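**Student:** starting from these lines, generate the structure:
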Amino acid sequence: MKPLRPHDPRTLGEYELLGLLGEGGMGAVYLAQSRGKTVAVKIIRAEFAAQPEFRGRFRSEVNRARQVPPFCTAAVLDADPEHETPYLVVEYIDGPDLADRVAGDGPLTGGALYSVAVGVATALVAIHGAGVIHRDLKPRNVLLAPGFPKVIDFGIARALESTSEHTRTDQVVGTISYMAPERLDGGAVTPAVDVFAWGVLVAYAATGRTPFAADTPTATAVRIMTAEPDLAGLPDDLRAVVGRALAKDPADRPSAQDVLDALLTGRPGFTPPLLPPRRRAPHRRKVAGAVAAAAVVAAGALVVALNTGDDSGATTITSASAPASASTPAEVRIVDTLTRAGQWRDKRTGDYSCELGPDGLAVVSGTTDDGVTCPGPATVFAGDQSIKVHYDELSDDACALVGFRHTGRARYELTACADEIAVAAYHPSGDVNTISSAPLKGDYAARHQLVIDIVGEIATVRLDGEKLLTAVLDDPALAEGATTLGLAQLADGDEGFVRFSNIDIRA
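**Tutor:** Below you'll find the predicted structure:
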């Protein structure tokens with residue numbers, strides 16, 4: 001505890017402040033006393049206090065948090081959202097947090113490790129049962145009280161995150177190493193985000209590092225979205241549970257109750273094998289080069305505040321969607337059924353053809369693997385955008401091709417083949433890099449809807465509504481460009497075919 005500073009308040013309501021316990025993005029936490037009882041008082045920063053909607057959200061979240069059983073959390077004792085300086089009063093827990101414990105004594109083992117795994121899972125069951133999502137579970141928010149770990153700061157992050165001023169720019173408040181993939185690419189926030197954070201936290205407690213750790217916060221974010229977790233060093237009987245909690249798709253994660261049941265009963269049926277390694281992508285169209293380097297967290301441009309000196313991976317971020325480029329006004333949109341000449345036009349050569357007809361744009365390649373690009377609109381899109389298009393009748397030796405940010409020789413290309421979908425970057429230098437790929441299964445010749453959503457520098461690809469992959473678009477030379485349709489031929493000597501219809505592109 002530090003002594004009070006000249007600008008710190010001395011009293012709040014009935015509470016006499018004794019010293020400063022810590023500061024964070026929302027405000028400061030003080031040790032206080034009232035009627036002989038020691039408590040912790042958290043005050044809210046003036047910039048949030050000035051927002052009426054924040055005060056209302058704060059009040060609602062505090063009321064929910066009061067419904068959480070206090071045996072595994074820091075109990076909410078009092079709050080005054082109407083005070084000039086809104087404040088929250090919680091039980092004071094005299095014990096180190098998990099980050100300090102691991103930093104000082106090394107990774108936990110044996111009973112100490114299982115106490116944290118079970119204790120935090122129990123807290124999540126109670127928190128979720130009260131209708132609250134923590135949203136910022138991390139080692140700093142787990143206090144190692146005598147007898148049982150206590151989880152703090154639950155629910156209040158939502159009050160901050162959901163104010164109108166912040167949702168206007170899609171701000172996300174949290175700690176990057178513990179954020180689930182869906183939080184990084186704008187997906188729904190459900191209790192599954194806390195289960196993911198539990199998996200990261202237990203891995204950190206057991207090994208002293210987070211399972212997606214990288215050299216920079218942005219690289220960590222990309223690993224969360226695209227890489228398998230590094231769980232080396234976890235005890236065997238924890239590894240499967242943690243691995244399941246770290247599934248990319250929230251639907252594949254267990255609930256907090258399932259996690260707790262698995263820890264307490266060791267039911268083998270709950271812990272399926274970890275996700276299999278990604279199948280090695282086959283060679284496509286003479287594509288050369290290594291996988292592109294990780295670049296930027298989804299949801300746009302980032303303001304990153306590093307929590308230096310904290311090996312728990314606690315890099316707190318606030319992210320806001322970058323505005324669309326001036327060259328792409330928000331109302332720009334291209335909609336075309338591709339059944340008659342319009343934005344796209346017919347083209348026939350000795351090597352390939354692009355023909356518009358009643359069923360859409362038919363693309364036929366010749367007997368070389370140079371690929372086909374059909375003439376289309378020159379409209380330049382930059383910043384956030386969405387591309388939707390249907391394709392069908394794909395031959396087994398070809399790939400449907402959607403180019404975007406296309407500027408002459410440079411572009412990004414998505415190829416949907418019979419057994420794989422991939423995103424590659426064709427750089428102005430002539431280098432080609434496959435950025436991300438995923439296997440496909442099913443009827444490749446059937447009609448499919450392909451969706452590419454670009455937010456900031458992250459592209460999310462969905463096929464028939466199912467999210468398949470994310471790709472980092474980090475080349476500054478490929479910041480804007482046109483959208484193209486075409487076909488990639490896989491081998492010399494064969495002809496390829498694909499038909500496109502109903503394209504919708506919007507900023």
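**Student:** please count neighbours and contacts with C-alpha atoms only from this point.
**Tutor:** Will do.
**Student:** okay, now the domains of the chain?
**Tutor:** According to automatic domain parsing, the chain comprises the domains 11-90, 99-271+285-319, 333-506.
**Student:** would you list those in CSV and tack on mean neighbour count?
**Tutor:** Putting the domains of the chain into CSV (neighbours: other C-alpha atoms under 10 Å) gives the following:
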stretch, mean neighbour count
domain 11-90, 18
domain 99-271+285-319, 20
domain 333-506, 19
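**Student:** contact partners for the nearest residue to R345 once chain neighbours are set aside?
**Tutor:** The spatial neighbour of R345 that comes closest, neighbours along the chain excluded (C-alpha to C-alpha, 6 or more residues apart in numbering), is P375 at 5.9 Å. Applying C-alpha atoms under 8 Å, 6 or more residues apart in numbering to P375 gives the contacts 344-347, 484.
**Student:** distance check, P375 against H128.
**Tutor:** Noted for P375: a distance of 53 Å to H128, by C-alpha to C-alpha, to the nearest Å.
**Student:** re the thing from before, nearest to T337, of the contacts of P375?
**Tutor:** The shortest gap between T337 and any of those belongs to W344, at 9.8 Å (C-alpha to C-alpha).
**Student:** flag the shaky bits of the stretch 201-350 of the chain, pLDDT-wise.
**Tutor:** For the stretch 201-350 of the chain, the stretches with pLDDT under 70 are 266-331.
**Student:** please enumerate the helices of the stretch 51-200 of the chain.
**Tutor:** 52-65, 98-105, 110-129, 156-161, 164-167, 181-184, 192-207 (DSSP state H, counting those that start in this stretch).
**Student:** which of these comes out lowest on mean pLDDT?
**Tutor:** Here the helices of the stretch 51-200 of the chain differ in mean pLDDT, and the lowest is helix 164-167 at a mean of 38.
**Student:** one step back: closest one to Y412 among the helices of the stretch 51-200 of the chain?
**Tutor:** Here helix 181-184 is closest among those (C-alpha to C-alpha), at 21.5 Å.
**Student:** isn't V39 right up against L21?
**Tutor:** No - between V39 and L21 there is no contact under C-alpha atoms under 8 Å: 11.1 Å.
**Student:** re the thing from before, for the domains of the chain, which one sits closest to R5?
**Tutor:** domain 11-90 (8.3 Å).
**Student:** now the end-to-end length of that closest one.
**Tutor:** Start-to-end span of domain 11-90 (C-alpha to C-alpha) is 16 Å.
**Student:** same question, stretch 470-480
**Tutor:** First residue to last in stretch 470-480 (C-alpha to C-alpha) measures 18 Å.
**Student:** quick one: the residue nearest to R345 and L356, what's the gap?
**Tutor:** From P375 over to L356 (counting by C-alpha to C-alpha), the distance is 11 Å.
**Student:** which residues are common contacts for those two?
**Tutor:** With C-alpha under 8 Å, 6+ apart, P375 and L356 have common neighbours 345-346.
**Student:** sorry, back to before: in TSV, list the domains of the chain along with distance to R5.
**Tutor:** Shown next, in TSV, are these (distance: least, C-alpha to C-alpha, whole Å):
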stretch	distance to R5
domain 11-90	8
domain 99-271+285-319	22
domain 333-506	41
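**Student:** would you tell me which of those domains gets closest to K2?
**Tutor:** domain 11-90 (5.0 Å).
**Student:** which residues touch the residue nearest to A425 when sequence neighbours are not counted?
**Tutor:** The spatial neighbour of A425 that comes closest, neighbours along the chain excluded (C-alpha to C-alpha, 6+ apart), is Y412 at 4.5 Å. Taking C-alpha under 8 Å, 6+ apart, we find Y412 in contact with 403-406, 423-426, 478.
**Student:** and if you look at V102?
**Tutor:** 108, 205, 208.
**Student:** what's the spacing between it and G110?
**Tutor:** In terms of C-alpha to C-alpha, V102 sits 14 Å off from G110.
**Student:** how about R223?
**Tutor:** 29 Å.
**Student:** same question for L263.
**Tutor:** Taking C-alpha to C-alpha, one finds L263 at 13 Å from G110.
**Student:** hey, what's the residue nearest to R45 when sequence neighbours are not counted bridged with?
**Tutor:** Leaving aside its chain neighbours, R45 sits nearest to G27 (4.7 Å; criterion: C-alpha to C-alpha, 6+ apart). Counting by DSSP bridges, G27 forms beta bridges with I44.
**Student:** G27 reaches I44, doesn't it?
**Tutor:** Yes - assessed by C-alpha under 8 Å, G27 is found in contact with I44 at 4.7 Å.
**Student:** can you tell me the SS state at A422?
**Tutor:** Three-state call for A422 (DSSP: H, G, I helix; E, B strand; the rest coil): strand.
**Student:** how near is it to G186?
**Tutor:** Taken as C-alpha to C-alpha, the span from A422 to G186 is 21 Å.
**Student:** which residue packs closest to the residue lying farthest from the centre of the chain, ignoring adjacent ones?
**Tutor:** Here the centre of the chain is the reference, and by C-alpha atoms, centre = their mean the most remote residue is G350, at 46.2 Å. Leaving aside its sequence neighbours, G350 sits nearest to G366 (C-alpha to C-alpha, 6+ apart; 7.8 Å).
**Student:** next one: the one you found from L414, what distance?
**Tutor:** To L414, G366 is 20 Å away according to C-alpha to C-alpha.
**Student:** next: S115.
**Tutor:** Distance of S115 to L414, computed by C-alpha to C-alpha: 47 Å.
**Student:** just G106 next, same as before
**Tutor:** With C-alpha to C-alpha as the criterion, G106 and L414 are 45 Å apart.
**Student:** tell me how far A488 lies from I133.
**Tutor:** With the distance defined as C-alpha to C-alpha, A488 ends up 45 Å from I133.
**Student:** quick check: neighbours shared by V39 and L21?
**Tutor:** Shared contacts of V39 and L21 (C-alpha under 8 Å, 6+ apart): L31.
**Student:** what residues does the closest residue to I93 other than its chain neighbours make contact with?
**Tutor:** Once flanking residues are discounted, I93 sits nearest to A145: 6.4 Å by C-alpha to C-alpha, 6+ apart. For A145, the contact set (C-alpha under 8 Å, 6+ apart) comprises 93-96.
**Student:** perfect, I'm done here.
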